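[1] Provided below for reference: sequence and predicted model.
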Amino acid sequence: MTANAAHYDVIRKPIITEKSTMASENGAVVFEVAMDANKPQIKQAVEELFGVKVKAVNTTITKGKQKRFRGQMGRRKDVKKAYVTLEEGNTIDVSTGL
């Protein structure tokens with residue numbers, strides 16, 4: 001497996017919500033990442049995939065909710081998010097896709 005493919009395994013997709021849009025005004029971008037990814041891996045993946053300098057990485061794990069699927073109780077998956085703060089002058093346009 002190439003190094004580039006490994007980076008795509010770490011970073012799953014950008015998260016575009018009202019909260020992440022507010023964070024982007026302060027130079028942060030929000031990504032859904034693999035549950036076993038750590039902060040140095042996330043930093044390296046973002047820097048190599050997008051060609052930007054990363055200042056800091058904050059992570060959070062959102063537990064999946066209990067929901068009903070066709071009358072049966074089910075559970076949504078847990079999600080790990082990374083709030084990636086970029087150095088001054090660096091930007092990532094997440095609306096174009098990876």
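    Alright, I've got the coordinates. Numbering: from 1, shown residues only.
[2] Would you state the secondary structure element containing residue 57?
    strand 54-62 (DSSP states H and E).
[3] Now do the helix or strand harbouring residue 85, average pLDDT.
    Using DSSP H and E, residue 85 sits in strand 79-86. The pLDDT scores in strand 79-86 average 94.
[4] That strand vs strand 54-62, what angle?
    For strand 79-86 against strand 54-62, the angle by axes from the mean of the first three to the mean of the last three C-alpha atoms, to 10 degrees is 160 degrees.
[5] and strand 79-86, which strands flank it?
    Counting by DSSP bridges, the strands paired with strand 79-86 are strand 28-33 (antiparallel), strand 54-62 (antiparallel).
[6] contacting residues around the residue lying closest to residue 52 once chain neighbours are set aside?
    For residue 52, ignoring the flanking residues on the chain, the nearest one in space by C-beta to C-beta, 6 or more residues apart in numbering is residue 90 at 4.0 Å. The C-beta positions use only the backbone N, C-alpha and C, and glycine is treated the same way. For residue 90, the contact set (C-beta atoms under 8 Å, 6 or more residues apart in numbering) comprises 27, 52-53.
[7] and residue 90, which of the three is it?
    Assigned by DSSP: H, G, I helix; E, B strand; the rest coil, the conformation of residue 90 is coil.
[8] For the helix or strand containing residue 7, buried residues please.
    Residue 7 is part of helix 3-10, with elements assigned from DSSP H and E. Residues of helix 3-10 classed as buried: 7, 10 (neighbour count, 16 or more other C-beta atoms under 10 Å).
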